[in-house]
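K.L.:
sharing a model prediction with you, sequence too.
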Amino acid sequence: MKLIIATIKPFKLEEVREALTEAGVRGMMVTEIKGFGSQSGHTEIYRGAEYAVNFVPKIKLEIVVPATMADQILETITKTAKTGKIGDGKIFVLDVEQALRVRTGETNEEAL
Amino acid sequence: MKLIIATIKPFKLEEVREALTEAGVRGMMVTEIKGFGSQSGHTEIYRGAEYAVNFVPKIKLEIVVPATMADQILETITKTAKTGKIGDGKIFVLDVEQALRVRTGETNEEAL
Amino acid sequence: MKLIIATIKPFKLEEVREALTEAGVRGMMVTEIKGFGSQSGHTEIYRGAEYAVNFVPKIKLEIVVPATMADQILETITKTAKTGKIGDGKIFVLDVEQALRVRTGETNEEAL
Amino acid sequence: MNLMKSLIPAAAIVALPQMGLAQEATPGEAAQHTQYIFTTLLFLMAGFLVFFMAAGFAMLEGGLVRSKNVAMQMIKNIALFSIAAIMYWLVGFNTMYPGDFNGFFALGGPTVLDAVGVAPEDAALDYASIGSDFFFQLVFVAATASIVSGAVAERIKLWPFLIFVIVLTGILYPISGSWKWGGGWLDAMGFSDFAGSTVVHSVGGWAALAGCLILGPRIGKYKDGKVHPMPGSNLALATLGTFILWLGWFGFNGGSQLAMGSVGDVSDVSRIFANTNMAAASGAIAALIMTQVLYKKPDLTMVLNGALAGLVSITAEPLAPTLFGALWIGAVGGIIVVFAVPMLDKFKIDDVVGAIPVHLFAGIWGTIAVIFYGEANLITQLTGIVAYGVFTFVGAAILWTILKATVGIRVSEEDEINGLDMAELGMEAYPEFSKG
Amino acid sequence: MNLMKSLIPAAAIVALPQMGLAQEATPGEAAQHTQYIFTTLLFLMAGFLVFFMAAGFAMLEGGLVRSKNVAMQMIKNIALFSIAAIMYWLVGFNTMYPGDFNGFFALGGPTVLDAVGVAPEDAALDYASIGSDFFFQLVFVAATASIVSGAVAERIKLWPFLIFVIVLTGILYPISGSWKWGGGWLDAMGFSDFAGSTVVHSVGGWAALAGCLILGPRIGKYKDGKVHPMPGSNLALATLGTFILWLGWFGFNGGSQLAMGSVGDVSDVSRIFANTNMAAASGAIAALIMTQVLYKKPDLTMVLNGALAGLVSITAEPLAPTLFGALWIGAVGGIIVVFAVPMLDKFKIDDVVGAIPVHLFAGIWGTIAVIFYGEANLITQLTGIVAYGVFTFVGAAILWTILKATVGIRVSEEDEINGLDMAELGMEAYPEFSKG
Amino acid sequence: MNLMKSLIPAAAIVALPQMGLAQEATPGEAAQHTQYIFTTLLFLMAGFLVFFMAAGFAMLEGGLVRSKNVAMQMIKNIALFSIAAIMYWLVGFNTMYPGDFNGFFALGGPTVLDAVGVAPEDAALDYASIGSDFFFQLVFVAATASIVSGAVAERIKLWPFLIFVIVLTGILYPISGSWKWGGGWLDAMGFSDFAGSTVVHSVGGWAALAGCLILGPRIGKYKDGKVHPMPGSNLALATLGTFILWLGWFGFNGGSQLAMGSVGDVSDVSRIFANTNMAAASGAIAALIMTQVLYKKPDLTMVLNGALAGLVSITAEPLAPTLFGALWIGAVGGIIVVFAVPMLDKFKIDDVVGAIPVHLFAGIWGTIAVIFYGEANLITQLTGIVAYGVFTFVGAAILWTILKATVGIRVSEEDEINGLDMAELGMEAYPEFSKG
Ligand SMILES: Nc1ncnc2c1ncn2[C@@H]1O[C@H](COP(=O)(O)OP(=O)(O)O)[C@@H](O)[C@H]1O
Ligand SMILES: Nc1ncnc2c1ncn2[C@@H]1O[C@H](COP(=O)(O)OP(=O)(O)O)[C@@H](O)[C@H]1O
Ligand SMILES: Nc1ncnc2c1ncn2[C@@H]1O[C@H](COP(=O)(O)OP(=O)(O)O)[C@@H](O)[C@H]1O
């Protein structure tokens, strides 16, 4: 199984979730994070003082899927999260050794 | 070492934390997330309009433990987090290559 | 590539971010978490009742870097996040199999 | 009066008036100077209560928008009040109260207050000081502008909105206001609107409706034929705002008695307080019961709207009804809101805070309801409602259209998604709180 | 009077009364009509201040519950005020002020206001307009219900709570209120309670106590013999609520002078303002110092409670004490709270906002403290305290028990854990903010 | 007067005064008792409005600090008001209004109110009741202390701050206040400050400036020669606070007329209301336009400060100016703020909420602006400004220095970083919301 970690723009969440559901994803974890990346460095003014905004609000998705599904998921996310503008986000894939569903005790792919 | 990622119902946090402490866990990271899974799809009404609530508040625990402890930890979480109702959560296990305690510079299992 | 997960004290965020930027890190994910660890167990009083504060606000950094950079990053974080007092935080390193930049489709080290 | 005169010795008749005692001449009335003080005081007191409604609108709207647009809503509310204050001085007050005029329109100049330490002979002894009257009227026009602010929230640009406010508070509202309260043609016809269900609230509602139509709904509100609610970010603030508005309404309706110097007048003000409170209460309860029945769960935002709708409903005639009258008139207002909010959604009219149901629909209802207790004629009431509607809606629509065609009234899609706070102000209301 | 008459020429004696001048006859008093206006104005002004306490209670309670229960607290507060307004009109006011009665109970019918533009001869010239009096009394009963709302928060079902409010505001409070303020048996006995430490606050406190006992504590509050604090979600709101209540209290106590038309009366109202303010200040400071001494750190929530306890303490006699008297009476109130809050926890009585310490305990203290400055007798005061306690506690307990046995008063465990907002309303107060 | 006397028959002249009718003798004035009631009522009404400013300051400051310091700001605000109430009673009021004195200093004892039900012959019939006067003055001194609270936020220790407040409200403010309002040397010289641009606001501003200088800036505010903004945590609260302050200001300035019993006086109060409102509006608009022009985006926090600066600017003379005068005087205040905020940053004076620009700078401007409409002389005005500045700044600086040298005034670096709420109170204002 693979853990897919994706950062996306917050307003894309709903669209990506729908696409993933259609692609067969049955669960995920969503976290509000602050992203730091190339999209940054713009300055704001507060009470007359300029300051750099380094962090941008992002959504982090964490999805565990059977290894075989990983590529398809990557593609789905890429397609729906893309706006073409800087800050669209990144996707990382990690290996997952074990999975377990608390309610039933099912393990691994059955638990997803 | 293993990274154990567990999503649980928010109200179970205290109970799980206590059980884990007893089981010998000396540290963890707790994040408020929104979960998406089978527990969802109920509809609410706001100002006369129905809408589906897709995300459910969940707590994500991240715990790094020596590989030997992993199974026990899984069991502990399963036991305490279980209510038997849908949405009890999942547990994932990943491999951790290195650990480091910032304060002392201790590494790996000593750092946990 | 490696995923470096680091918990630090919230007020160190800016300093660490600057140091990491200088060390060549071009992106990261920042999450507000509650940490549980040795730094805890102090009691507070609320309306006449004592209670233990088990969780401490922490910042979690997640940074994906080329494997070769990992050690240097660990050192940078250790150096800047350290106050010498309990609760300075931990760093964990995990292996990352794949990386992808949504905007351009670049993969792996090019995507970082 | 006649009786008295015949009983008073001649000498006294001569002497007393010059002593300033004549003021006591009519039983049931305080001395004229005292009456002047009382009525002026009524305006000041009612005025500061209505002023505080500015805070009420700000909190209500700030609570019902998403947090990414809260700072924008705050700046709009403080700016619109300030603009109203300046425009109403510059031209509005004297346009609305032109004295003798053609009944339709007379452009007024800046307001001039009573001189410092004005002598009684220079004061409007049978009424109140100009300053208090001006202040009291001014806080009303600000309310009208606040109504618009809430409806068009979360997508409008700041400056075009403020330009709209300039015209609304300086020109549109004062002109139509003069028709009734300035003694114009609708007043002459017998149109009845005690404290402004139509003159203030419907006018704000019409302007808001024009704005919502021309501006279009928020992105994502209506998609695939379905309504996608965008829950308000802070219902505690929205509730606070509602309570503040309710408080302010005692001034709004009570002060509209325009006199407090006699037993009858102060008792009328009391009646108004009691009725106003009752209508708000019954509006809230009606919405509570209706949403429970219709949706199985009560809807707090509807209850807040219901209380306000009750208040708007009783505003056209808060004096004449009995407490029971206030109860059912307010309750109808609350029910109207519960049906009107989803109805507007059906027409894809995206009114963020429910301003149109509350101020326009309940305002129309309240104006009609005058016929049940007040001395009003249905035809005349409808004439007034239509006249205000046509004038304000058309005027506002033209203005919105011009603004749209020139400077544009709507922020870009990206700015709307990221929130007006970052886009228009570069400043967040809650910079530290995570957003979902 | 005597002196005057002898000096006035016969003709004037005949003439002046008919001129309405007789009103000026008593030195130190304004004309009777003017007095009527002043007292009516006092009721209106004090009334809107006390009305605003509804917002104060809502904010205080909304700030002291966890965010998952805030929307529920809001709907409870606006609904309870609305219910109180309706019930007090329907039956409460005339039950509480029945005129001549047996001193224990007389069921009243709906309130009827003065006619529009009431003529002086039909008005209660020596008092105030019915509307103002009704409005002033009505906002008091709402305060009683608000007290209960805070104590039973975070676990009670909405509708059973509202049914309780119906009976409390329509029946229980008016009956016991008639014993003292309606001129009933306790009044005849000489029981003294100027503005309602007992009649309003203790009554609310007793009803709350009965509710807390029958409802039980929140899940997890008392576990393994330990108290587990559940910190309030928004102490800024709680502080705002406290300041609003403090503001409202000037109306609460000041208006209870029931007259403002003479030099003596208006000066008394001033005394009351000064004393009320002092008691609040000293209650806050006492709690500040006590928590610092006991716990090494000051406790903001206790300081807020302390200010309110100071206010409740002075409410039974805000007029007679000197400023120093108000200071120490209020300070004792503040100290009571600091000890009573953990004491209730020892008995596992889970009062979410500290309503019982503030309103019941400080209310009892305030009623006793009358003996130090006012003209009251300890035995009589205790009789009153006990009478109100027994009647309200028993009445409320029966009512809570019936509700529990029939519709149930407590939400399910799961609903309580997930929060009443989602469970009972399907709506969150802060939908965007993450919760811990 | 002359005309009248000649016309009244001898008998009437003799008879009427004893009937209490003499009070009506001066045309344009109500009976003396009625006047007393009106002025007392003015103080009570204005007093509760100014009281409510305590909530306004608390919300403004609570909104402009980071969430980790909000609970601390709440406790500071409620405690400082309470301390002011006690100190002003104990020594402040009679030190400030000592009656006949040397014009510089006379220590007063505790305030004694009018007796209960004071007889007219024992009351200050030509003024107002002591209680109302005391209450009205008391809420002013609390405002002064609130100003300091905001400026030194986010780094000061609780108790040393409260000790400072004790001395400020009990000693410093009353002494300097006596120079003008107590009839001291500056009053004798003709210094003009109607409602306290200098006596209240500048004094608070000077004390805040001394505090900021001695305390130093917050950690991280000025680093590497750059200003690092620390955005306020809740701009909705800050906006609410501003509206509450604006509301309170009607009492602040209006009540300072110190009389409401005549046509002239009540009309003057009305003028003051209208002017006060106008200055706030123009201050807000000026800041809105200035920040838009200077920074391309309007700055909500500056607009809030601008409204307040407009209010402070008009406070020294809210009566004499025309509405246009109020407009430009207020606008200058708003502009001052926009320039003064970054200027203070240049000097590394870290004033968290903009208290110094708003209260000190606009206060100085307002005091100077009296010369344009009021009867004041520039030299005298400057003398007053300097005298208050030197006395308060030196006095406050000495006090801050003593506190710093003894108990220390600043929390530890770690405590500051973790937030004063956890460090000083062990309690968070928003325990559930994540922080960034
Ligand atoms: N090396 C990295 N490790 C972890 N997260 C990253 C990394 N680089 C970027 N990110 C995340 O991806 C987001 C988008 O990246 P950014 O460089 O701003 O734009 P783009 O996706 O267009 O390259 C960042 O805000 C951050 O959350
Ligand atoms: N494939 C997955 N990847 C990551 N997280 C998941 C996945 N499936 C479920 N989760 C998490 O587990 C939670 C519980 O899952 P859910 O399907 O709702 O119920 P259950 O645990 O009873 O199967 C979800 O809210 C989500 O946070
Ligand atoms: N085993 C662990 N797994 C995951 N996170 C941990 C673990 N141990 C500690 N942490 C994180 O590191 C933080 C600091 O650890 P703590 O034990 O308090 O102090 P120190 O870093 O000085 O050893 C904790 O708050 C927690 O977020």
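P.N.:
Sure, I can see it. Ligands and ions are numbered 1, 2, ... in the order given.
K.L.:
only C-alpha atoms for contact and neighbour calcs from this point on.
P.N.:
OK.
K.L.:
the strands in the chain, which residues?
P.N.:
Since no chain was named, I'll use chain A. Using DSSP state E, the strands of chain A run over A:2-8, A:28-36, A:42-46, A:49-53, A:56-65, A:90-95, A:98-101.
K.L.:
actually it's chain D I care about, not the one you picked
P.N.:
D:222-223, D:226-227.
K.L.:
which of those is buried the deepest?
P.N.:
Greatest average neighbour count among the strands of chain D goes to strand D:226-227 (a mean of 18), per mean count of other Cα atoms under 10 Å in any protein chain shown.
K.L.:
in CSV, list the strands of chain A along with distance to D:D350.
P.N.:
Below are the strands of chain A laid out as CSV (distance: least, Cα to Cα, whole Å):
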stretch, distance to D:D350
strand A:2-8, 28
strand A:28-36, 28
strand A:42-46, 31
strand A:49-53, 33
strand A:56-65, 27
strand A:90-95, 35
strand A:98-101, 43
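K.L.:
quick one, which of the ones you listed is nearest to E:V203?
P.N.:
Closest to E:V203 of those, according to Cα to Cα: strand A:28-36, at 47.2 Å.
K.L.:
picking that back up, figure out which of the strands of chain A is closest to F:A236.
P.N.:
The nearest among the strands of chain A, by Cα to Cα, is strand A:42-46 at 16.2 Å.
K.L.:
can the closest one be said to contact chain D?
P.N.:
Yes. Interface with chain D: strand A:42-46 contributes A:E44, A:I45, A:Y46 (Cα under 8 Å from any Cα of the partner chain).
K.L.:
next up, the contacts around the first one.
P.N.:
Meaning A:E44. Listed by Cα atoms under 8 Å, 6 or more residues apart in numbering or on different chains, the contact partners of A:E44 are A:E50, A:Y51, A:A52, A:V53, D:G426.
K.L.:
which of those are buried?
P.N.:
Among those, those classed as buried by neighbour count (16 or more other Cα atoms under 10 Å in any protein chain shown) are A:Y51, D:G426.
K.L.:
of the contacts of A:E44, closest to ligand 2?
P.N.:
Ligand 2 has its nearest neighbour among the contacts of A:E44 in A:V53, at 30.4 Å by Cα to the nearest ligand atom.
K.L.:
tell me the bridge partners for that closest one.
P.N.:
Taking DSSP bridges as the rule, A:V53 bridges to A:H42.
K.L.:
with distance to F:D421 and mean pLDDT added, can I get the strands of chain A in CSV?
P.N.:
Converted to CSV, the strands of chain A look like this (distance: least, Cα to Cα, whole Å; pLDDT from 0 to 100):
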stretch, distance to F:D421, mean pLDDT
strand A:2-8, 33, 96
strand A:28-36, 25, 92
strand A:42-46, 24, 82
strand A:49-53, 26, 84
strand A:56-65, 26, 93
strand A:90-95, 38, 96
strand A:98-101, 40, 95
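K.L.:
picking up where we left off before, check the residues of strand A:42-46 next to chain D against A:V93 and report the nearest one.
P.N.:
The nearest member of those to A:V93, counting by Cα to Cα, is A:E44 at 34.7 Å.
K.L.:
contact partners for residue 90?
P.N.:
The chain I'm using is chain A. Contacts of A:K90 by Cα under 8 Å, 6+ apart are A:A6, A:T7, A:I8, C:A99, C:L100, C:R101, C:V102, C:A111.
K.L.:
I was after chain D.
P.N.:
So, once contact is read as Cα under 8 Å, 6+ apart, D:L90 ends up touching D:G109, D:P110, D:T111, D:G170.
K.L.:
OK, contacts around the third one?
P.N.:
So that's D:T111. D:T111 touches D:W89, D:L90, D:V91, D:F93, D:N94, D:F134, F:L323, counting by Cα under 8 Å, 6+ apart.
K.L.:
what backbone torsions are found at it?
P.N.:
phi -70, psi 140 (degrees, to the nearest 10).
K.L.:
could you list the contact residues of the stretch 51-200 of chain D toward chain E?
P.N.:
Contacts of the stretch 51-200 of chain D with chain E, taken as Cα under 8 Å from any Cα, map to D:S67.
K.L.:
name the residue of the stretch 51-200 of chain D that lies nearest to chain A.
P.N.:
D:K68 (11.7 Å; Cα to the nearest Cα).
K.L.:
nearest residue to the residue in chain A sticking out farthest from the centre in space, please, no chain neighbours.
P.N.:
In chain A, the greatest distance from the average C-alpha position (Cα atoms, centre = their mean) is reached by A:G48, at 36.1 Å. Nearest non-adjacent residue to A:G48, counting by Cα to Cα, 6 or more residues apart in numbering or on different chains: F:P342, 5.4 Å away.
K.L.:
one more: D:E424?
P.N.:
F:K297 (6.6 Å).
K.L.:
next one: D:G426
P.N.:
Closest to D:G426 by Cα to Cα, 6+ apart is A:E44, at 6.0 Å.
K.L.:
roughly how far apart are the one you found and ligand 1?
P.N.:
17 Å (Cα to the nearest ligand atom, to the nearest Å).
K.L.:
okay, now the closest residue to ligand 2 within chain A: neighbour count?
P.N.:
Distances between chain A and ligand 2 by Cα to the nearest ligand atom are smallest at A:G27, namely 3.3 Å. Per other Cα atoms under 10 Å in any protein chain shown, the neighbour tally for A:G27 reads 21.
K.L.:
for it, list the residues it contacts.
P.N.:
Counting by Cα under 8 Å, 6+ apart, A:G27 touches A:I63, A:V64, A:L112, B:G35, B:F36, B:G37, B:S38.
K.L.:
go again with 7 Å.
P.N.:
Counting by Cα atoms under 7 Å, 6 or more residues apart in numbering or on different chains, A:G27 makes contact with A:I63, B:F36, B:G37.
K.L.:
now do the nearest residue to D:L162 once chain neighbours are set aside, the pLDDT please.
P.N.:
Distance criterion Cα to Cα, 6+ apart; nearest residue to D:L162, sequence neighbours excluded, is D:L80 at 6.6 Å. pLDDT for D:L80: 98.
K.L.:
closest to chain A out of the strands of chain D?
P.N.:
The nearest among the strands of chain D, by Cα to the nearest Cα, is strand D:222-223 at 12.4 Å.
K.L.:
wait, does that closest one contact chain A?
P.N.:
No. Using Cα under 7 Å from any Cα of the partner chain, strand D:222-223 never reaches chain A; the gap is at least 12.4 Å.
K.L.:
could you list the paired strands of that strand along with their orientation?
P.N.:
Each strand paired with strand D:222-223, and its direction, by DSSP bridges: strand D:226-227 (antiparallel).
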